[in-house]
Structure formats: C-alpha cells, structure tokens
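Asks: From the sequence below, what's the structure:
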Amino acid sequence: MLKEPVLALITGFLAGAAFAWLKLPVPAPPTMAGVMGVVGLFLGYLVVTRLVIR
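Replies: Residues are numbered from 1 along each chain as shown. The predicted model follows:
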C-alpha cells in the first residue's frame with residue numbers, strides 16, 4: 001500500500017537532486033505555499049472523485 005508513494009518520493013528526490021546538480025530550475029513550485037497548493041489540488045480531486053462521482 002505504501003510502496004507506490006515511497007517509490008514516488010524516492011524518484012522525486014532523485015529528480016530534484018539531478019536538477020540541482022545540473023543547475024537547472026526545479027519544475028515545481030519553489031515555496032511551501034506552492035507545494036501546499038499542489039497538495040490541495042490533489043486532495044480536492046480525490047474528494048470529488050470518491051465522494052461525488054460515485
């Protein structure tokens with residue numbers, strides 16, 4: 001059950017490290033507010049698909 005999220009976290013970490021090492025801009029919001037916006041978007045999607053569209 002946690003295998004997929006852990007693999008996604010590891011992959012994201014490695015991708016972020018590669019972007020930093022290559023001195024490229026990160027293709028994600030660079031602030032905590034931006035990250036929380038993405039999390040909120042995902043949670044809103046889950047709520048609608050699981051509660052409303054059933």
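
Asks: Where do the helices of the chain begin and end?
Replies: Using DSSP state H, the helices of the chain run over 3-21, 32-47.

Asks: could you dump those to a markdown table with mean neighbour count?
Replies: No exception for glycine: its C-beta is placed from N, CA and C like everyone else's. As requested, the helices of the chain are exported to a markdown table (neighbours: other C-beta atoms under 10 Å):
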| stretch | mean neighbour count |
| --- | --- |
| helix 3-21 | 10 |
| helix 32-47 | 10 |
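
Asks: CSV please, covering those helices and showing mean pLDDT and distance to Ile53.
Replies: Formatted as CSV, the helices of the chain follow (pLDDT from 0 to 100; distance: least, C-beta to C-beta, whole Å):
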stretch, mean pLDDT, distance to Ile53
helix 3-21, 88, 22
helix 32-47, 86, 10
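
Asks: burial measure for His24, as a count.
Replies: Slight slip there: residue 24 is Leu, not His. 9 (other C-beta atoms under 10 Å).
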